[in-house]
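# Predicted model and sequence below, questions to follow.
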Amino acid sequence: MSDKKTLGEMLAERGVSRRSFLKYASYTASIMALPPSAATAIAQGLANARRQSVIWLSFQECTGCTESFTRAHAPSLEDLIFDFISLDYHHTLMNASGVAAEEARMQAMQENAGEYIVIVDGSIPLKDNGVYSTIAGISNLQMLEETVKDAFAVIAVGSCATFGGIPGANPNPTGAVPVSDIITDKPLINISGCPPIPEAMTGTISYLLSFGSIPELDHLNRPKAFFGEAIHDRCYRRPFYERGMFAKSFDDEGARKGWCLYEVGCKGPVTYNACATLKWNGGVSFPIQSGHGCLGCSEPNFWDMGGFYKPLSTAKGDPLKWAGGAVVAGAAIGAASAAMARNKRNKVLQEGK
Amino acid sequence: MARASAAPCLSDRATGMALSVLAEIGRMLEALSESGQAGAIDLRSLPLSDVDRAQLEEVLGRGEVRAELDIAGESEVWETTYPGVWWIRHRGAGNKIASEEISVCAIPEILITHPVDIKAAAGRLREELETTHV
């Protein structure tokens, strides 16, 4: 449960100095694209904050988001987030089970009413009264509504919770919907991705703790710090795109020379995420660096976008059919084409609402 | 298919970014000298290639002060050959660089002991003296 002491007091008892807060704050400021001078305010905010009660609800999901969040190596800077939060309910990670687990959720809700954060991974099935996914004898819909009622904010993590994900893909047999279709009266942050980048989750929580407010969000409720730019905009292969130099298959000369993967289906131009800068596995690499195009996993309906290996300009189905065809024709229009694709894609999404 | 790690990238080329960063450091140093206004540059937020980074480090060099910090992983802080210009490198999981910045100030905040820690240290030492019989 949440400790009534401040994080500064609580960690000081364990010999954790304020320098640790400052170091973590420098790291947070960096990943949140805040100026380095913000580190002092973040450190102060964290030290004065209470340990944040978090209730994590897992619905129609694969546990990949939890894997990403708990991606722990040796005790390190990044692990400090687990000192800052009190994970009061997570049915995969918690020791308690059955009635005891549900009692822990109720207790956390009562003791921290109005202050706790609900993190949701997985989509919510609505068809046939939500019978396709139940926990402790109640539907996911019931559990979500019941738990969110007294929450301070809701964070939907992963593509299933943010946009429906695989369960919501055509033909969507369970009637799966994202959290945003149900929760409309609470602050909601979407951190999309399959799975989301760990730093996008921990950075957002740290921001909430430090400033007590929601970071700036985009039109899909995603923190702009992580979703403000397309993968394509920060891709190290971008210069090849500008020059019209494309891999035509995964084993041709272009692929071996590291040319742009647009023509083998890369969705980088229409995908907003921080993979190209924060990367994965502690900054080792990201899909494009490993030779595979971006799947577009942080965008709505990415499973139904017409094929992972079809270029944006030829992918069947909406909305990617709108992507510009200039590049495939060999013209180095580059940025203009990508911008056009994004604009048209956004327009289609808006019209589809 | 080529190995993932062998995928070519542009990290082996100079982009001119080092010069831009140096110019910004110069402006910050002028401000520090004239008005005491400190500044900082987040190096991770900039598209620096490996060559750019090496150029920057070479031009700035290492000055009189260097500190190693053992806080949730290693950190290294050194003053460059330009007094008032500090390089701060924090490492996280797997000893990888978690954040890296140039701080233009008299002394980086992370080297200054926080009053809360001083107070806690005084209490801890008092306790130690009360219980220890040498």
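The structure has been received and is ready for your questions.
# B:S35: neighbour count?
8 (other CB atoms under 10 Å in any protein chain shown). In this view, the C-beta of every residue, glycine as well, is placed from N, C-alpha and C.
# Report pLDDT for it.
B:S35 is assigned a pLDDT of 97 by the prediction.
# ok, now A:L144?
98.
# residues touching the residue nearest the centre of chain A, list them.
In chain A, the residue lying closest to the centroid (CA atoms, centre = their mean) is A:I191, at 2.8 Å. Going by CB atoms under 8 Å, 6 or more residues apart in numbering or on different chains, A:I191 touches A:I155, A:A156, A:V157, A:G158, A:T162, A:A200, A:M201, A:T204, A:R222, A:P223, A:F226.
# The first one bridge partners, please.
The bridge-partner assignment for A:I155, based on DSSP bridges, gives A:I119, A:I189.
# Determine the number of other residues adjacent to residue 67.
Picked chain A for this. 12.
# that answer is for a different chain, and I need it for chain B
The burial count assigned to B:A67 is 14, neighbours taken as other CB under 10 Å.
# picking up where we left off before, need phi/psi at the residue nearest to the centre of chain A.
phi -120, psi 90 (degrees, to the nearest 10).
# Local confidence estimate at it?
At A:I191, the model reports a pLDDT of 97.
# got the residue ranges for the strands in chain B?
Shown for chain B, the strands assigned by DSSP state E span residues B:39-42, B:66-70, B:74-79, B:85-91, B:97-104.
# Only C-alpha atoms, please: export the top helix by length along chain B in CSV.
In terms of residue count, the longest helix belonging to chain B (DSSP state H) is helix B:17-35. Only the C-alpha atoms of helix B:17-35 are listed here, as CSV (Å, rounded to 0.1, in the frame of the first residue of the first chain):
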residue,chain,number,x,y,z
MET,B,17,26.8,19.0,-35.2
ALA,B,18,29.9,19.2,-33.0
LEU,B,19,30.7,22.7,-34.2
SER,B,20,27.1,23.8,-33.5
VAL,B,21,27.2,22.4,-30.0
LEU,B,22,30.5,24.1,-29.3
ALA,B,23,29.0,27.4,-30.5
GLU,B,24,26.1,26.9,-28.1
ILE,B,25,28.5,26.1,-25.3
GLY,B,26,30.4,29.3,-26.1
ARG,B,27,27.3,31.4,-25.8
MET,B,28,26.4,29.7,-22.5
LEU,B,29,29.9,30.3,-21.1
GLU,B,30,29.6,34.0,-22.0
ALA,B,31,26.3,34.2,-20.2
LEU,B,32,27.7,32.4,-17.1
SER,B,33,30.7,34.8,-17.0
GLU,B,34,28.6,37.9,-17.5
SER,B,35,25.5,37.2,-15.4
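# Give me the domain ranges for chain A.
By the assignment in automatic domain parsing, chain A contains the domains A:7-226, A:231-352.
# could you dump the ones you listed to CSV with distance to B:P108?
Converted to CSV, the domains of chain A look like this (distance: least, CB to CB, whole Å):
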stretch, distance to B:P108
domain A:7-226, 9
domain A:231-352, 23
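# which one of those has the lowest average pLDDT?
domain A:231-352 (a mean of 76).
# so which strand or helix has the closest residue to chain B within the stretch 101-250 of chain A?
Nearest residue of the stretch 101-250 of chain A to chain B (CB to the nearest CB) works out as A:Y236 at 4.7 Å. Counting by DSSP states H and E, A:Y236 is held by no secondary-structure element, helix or strand.
# ok now do the residue positioned nearest the centre of chain B, which residues does it touch?
Geometric centre of chain B, nearest residue: B:I88, 0.4 Å, by CA atoms, centre = their mean. Neighbour list for B:I88: A:S26, B:S75, B:E76, B:V77, B:S99, B:E100, B:E101, B:I102, B:S103, B:P108, B:I110 [criterion: CB under 8 Å, 6+ apart].
# could you redo the last one with a cut-off of 7 Å?
B:V77, B:E100, B:E101, B:S103, B:P108, B:I110 (CB atoms under 7 Å, 6 or more residues apart in numbering or on different chains).
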